[in-house]
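A.B. asks: just coords:
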């Protein structure tokens with residue numbers, strides 16, 4: 001595996017992620033879109049709920065308006081039937097004083113606002129006309145019937161109260177005009193209260209739309225069963241004249257209405273409320289109501305006061321609030337992407353600076369490597385010369401024991417210097433030489449390394465446990481354990497030496513334990529022995545450079561492993577190596 005390419009590839013992937021994070025992606029737009037949908041949904045739902053609530057309020061007011069008119073007409077009907085009961089109780093005839101008393105008892109102005117009066121109309125056949133007129137003129141000298149017409153019967157207004165405002169109507173013969181006459185005949189034939197079509201009351205100086213309300217009474221005070229019998233036995237009707245706008249003012253005046261009303265009878269408009277009119281009403285409703293033989297069309301519209309009373313900014317506030325939140329969310333995403341771009345730009349700048357520093361460091365390392373090589377190579381040459389000279393001198397001199405001992409000491413120091421230079425070169429290579437991965441059988445590797453050490457015949461190796469087969473850096477693994485096994489053999493100070501190597505494992509490491517039965521190491525030296533040029537014996541007693549354990553520790557640490565020692569003086573030493581199961585890219589850097 002090419003470590004540089006591996007790290008570079010990962011760095012490229014990381015940079016691509018940062019570049020990607022510097023732009024708005026589908027997930028950002030999805031979040032914003034969902035937020036907008038929720039905002040619009042909340043606004044629409046709130047708006048619909050509010051509109052339904054306002055519409056229900058309008059329909060209640062519209063229905064209330066119709067019901068008020070119907071209730072008021074029922075009230076007037078009861079008053080008219082009360083008049084019928086009075087006439088019936090007097091045998092089908094009634095005088096002016098009796099009717100005046102009845103009218104006064106009703107307290108029309110207070111109890112029946114909107115009504116123009118209440119009166120009695122008798123049905124006069126031609127053979128009864130002279131007697132009728134004589135009787136009424138005798139009571140009221142100024143009484144006269146009007147106008148003339150060509151009908152075969154007469155329906156003059158005999159009494160109406162209050163008399164003053166209705167003076168022009170007294171004596172008016174209903175048969176002269178189709179709507180008045182038609183209403184009476186319908187009431188007579190149906191035996192029920194009936195309304196006329198739209199008319200103009202003779203007493204209304206403004207000539208505004210109005211109508212008459214009739215209730216019939218018959219001979220003997222009983223309602224005949226058939227239409228022919230009703231036509232035969234009809235005596236007259238009680239009636240009430242209405243000016244439509246007065247009726248509506250009296251009916252609806254006490255209500256704080258938020259609706260406008262237009263009432264029509266066919267094509268004729270009876271009443272229209274133009275006050276507070278809304279040219280573009282929020283709601284409108286048309287309903288036909290059967291009203292005592294007529295159908296009144298109610299066209300009800302919301303007015304300006306309704307618009308003002310129903311105005312509610314809640315949906316708008318929800319929409320504006322949602323838009324603000326969506327805008328803040330978008331601004332946050334844009335801010336974060338810009339921050340990522342700035343971070344990437346800064347990282348690129350730092351990477352460029354690190355690249356320059358790395359190039360300088362690489363050049364420095366190369367120079368150091370060259371220096372280590374030159375130091376190892378060039379210093380060895382004069383050392384070899386010194387060693388050769390020592391050999392020649394030892395051959396030429398007489399066999400003087402002291403001189404030979406000095407020369408031997410010099411050669412040992414030359415050998416130690418060569419070992420030091422070799423170890424110095426090895427130490428400088430750790431982490432700088434390309435690693436080669438290989439699947440190894442650790443048991444076979446350890447046995448092979450041990451055999452290459454050419455151990456004494458009385459020294460033995462025992463491998464305890466199930467040794468793993470795995471993929472790792474073979475050269476580094478062999479170098480570490482070669483040095484540790486060599487140290488166990490070299491530093492053993494008694495006969496019949498033994499080295500036991502066992503292995504365990506956890507989630508991350510294979511844990512190798514190398515237990516010898518040598519002289520052991522005092523605890524105070526456990527950390528010291530892993531330093532450069534550190535030995536526990538004098539340099540003249542040592543053949544090595546004092547760098548072996550330092551090289552081992554640097555190598556193990558380089559691959560994210562660890563090494564430690566467990567020992568006491570005289571009880572042997574146990575070196576514990578935590579070798580990683582998988583060597584990551586970071587540990588190779």
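C.D. replies: Happy to help now that I have it. Here the structure is a predicted model, which is why all the values come from computation and not from measurement.
A.B. asks: Can you pull out the low-pLDDT segments for the stretch 301-450 of the chain?
C.D. replies: Counting by pLDDT under 70, the stretch 301-450 of the chain shows low-confidence ranges at 363-385, 389, 394-396, 398-400, 402-435.
A.B. asks: Helices along that one, start to end?
C.D. replies: With helices called from DSSP state H, counting those that start in this stretch, the stretch 301-450 of the chain shows them at 304-310, 314-396, 401-429, 442-452.
A.B. asks: okay, now the domains of the protein?
C.D. replies: Using automatic domain parsing, the domain parsing of the chain gives 91-304, 436-588.
A.B. asks: Thought residue 120 was touching residue 99, still the case?
C.D. replies: Yes. Under the criterion of Cβ atoms under 8 Å, residue 99 is in contact with residue 120, at a separation of 6.0 Å. From N, CA and C alone the C-beta is placed, and that goes for glycine too.
A.B. asks: Between those two, point out the one with more neighbours.
C.D. replies: It is residue 120, of residue 99 and residue 120, that has more neighbours when counted by other Cβ atoms under 10 Å, with 26 against 22.
A.B. asks: sorry, back to before: intersection of neighbour lists for residue 99 and residue 120?
C.D. replies: 83, 159 (Cβ atoms under 8 Å, 6 or more residues apart in numbering).
A.B. asks: which residues in the stretch 451-589 of the chain form helices?
C.D. replies: Counting by DSSP H, counting those that start in this stretch, the helices of the stretch 451-589 of the chain are 474-490, 548-558, 585-588.
A.B. asks: Now do the longest one, average pLDDT.
C.D. replies: Within the predicted structure, the mean pLDDT of helix 474-490 is 88.
A.B. asks: what comes into contact with it?
C.D. replies: Residues from elsewhere that reach helix 474-490 (Cβ under 8 Å, 6+ apart): 426, 435-438, 440, 442, 445-446, 449-450, 452-453, 455-456, 459, 461, 497, 499, 512, 514, 516, 518, 543-544, 548-549, 551-552, 555-556, 558-559, 563, 573, 575, 577, 579.
A.B. asks: Now residue 455: closest residue in space, sequence neighbours ignored.
C.D. replies: Spatial nearest neighbour of residue 455, chain neighbours left out: residue 489 (5.1 Å); criterion: Cβ to Cβ, 6 or more residues apart in numbering.
A.B. asks: buried ones in stretch 80-96?
C.D. replies: The neighbour-count check on stretch 80-96 (16 or more other Cβ atoms under 10 Å) flags 80, 83-84, 86-88, 92, 94, 96 as buried.
A.B. asks: got it, and stretch 192-212?
C.D. replies: Going by 16+ other Cβ under 10 Å, stretch 192-212 has these buried residues: 193-199, 201-204, 209-212.
A.B. asks: got the end-to-end distance for that stretch?
C.D. replies: 14 Å (Cα to Cα, to the nearest Å).
A.B. asks: Then stretch 489-505?
C.D. replies: From its first residue to its last, stretch 489-505 covers 26 Å (Cα to Cα).
A.B. asks: buried residues in it?
C.D. replies: For stretch 489-505, by 16+ other Cβ under 10 Å, it's 489, 491-492, 497-503.
A.B. asks: Relative to the whole chain's centre, how far out is that stretch?
C.D. replies: 69 Å (Cα atoms, centre = their mean, to the nearest Å).
A.B. asks: where in the stretch 451-589 of the chain is pLDDT low?
C.D. replies: For the stretch 451-589 of the chain, the ranges with pLDDT under 70 are 532-547, 584-589.
A.B. asks: Repeat the analysis, applying 50 as the threshold.
C.D. replies: For the stretch 451-589 of the chain, the stretches with pLDDT under 50 are 533-534, 538-542, 544, 585-589.
A.B. asks: What segments of it are strands?
C.D. replies: 460-464, 469-473, 498-505, 509-516, 562-567, 573-580 (DSSP state E, counting those that start in this stretch).
A.B. asks: Now tabulate those strands in a markdown table and tack on distance to residue 485.
C.D. replies: As requested, the strands of the stretch 451-589 of the chain are exported to a markdown table (distance: least, Cβ to Cβ, whole Å):
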| stretch | distance to residue 485 |
| --- | --- |
| strand 460-464 | 8 |
| strand 469-473 | 18 |
| strand 498-505 | 7 |
| strand 509-516 | 7 |
| strand 562-567 | 14 |
| strand 573-580 | 10 |
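A.B. asks: Can you check which of those strands gets nearest to residue 523?
C.D. replies: Nearest to residue 523 among these is strand 562-567; the distance by Cβ to Cβ comes to 7.6 Å.
A.B. asks: mind listing what's buried in that closest one?
C.D. replies: In strand 562-567, counting by 16+ other Cβ under 10 Å, buried: 563, 565, 567.
A.B. asks: Give me the secondary structure label for residue 79.
C.D. replies: Under DSSP: H, G, I helix; E, B strand; the rest coil, residue 79 falls in the helix class.
A.B. asks: one step back: which ChimeraX command selects the buried ones in the contacts of helix 474-490?
C.D. replies: If you want just the buried ones from the contacts of helix 474-490 in ChimeraX, going by 16+ other Cβ under 10 Å, the selection is:
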select :426,435,440,442,445,446,449,450,455,459,461,497,499,512,514,516,518,544,548,549,551,552,555,556,558,559,563,573,575,577,579
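A.B. asks: these two touch, right, residue 147 and residue 176?
C.D. replies: Yes. Distance between residue 147 and residue 176: 5.1 Å, which falls inside the contact criterion (Cβ under 8 Å).
A.B. asks: residue contacts, the closest residue to residue 54 other than its chain neighbours?
C.D. replies: Excluding its sequence neighbours, the residue lying closest to residue 54 (Cβ to Cβ, 6+ apart) is residue 310, at 4.4 Å. Counting by Cβ under 8 Å, 6+ apart, residue 310 makes contact with 54, 57, 258, 282, 302.
A.B. asks: Also residue 117?
C.D. replies: 108, 160-162, 165-166, 169, 240-241.
A.B. asks: can you tell me which of these are in helices?
C.D. replies: By the criterion of DSSP state H, membership of these in helices covers residue 108.
A.B. asks: min pLDDT across the contacts of residue 117, which one?
C.D. replies: residue 108 (87).
A.B. asks: what's the nearest residue to that one if we skip its chain neighbours?
C.D. replies: Residue 108 sits nearest to residue 115 (Cβ to Cβ, 6+ apart), 5.9 Å away.
A.B. asks: how close does the one you found sit to residue 103?
C.D. replies: 11 Å (Cβ to Cβ, to the nearest Å).
A.B. asks: same question, residue 269
C.D. replies: 31 Å.
A.B. asks: Great, nothing more from me.
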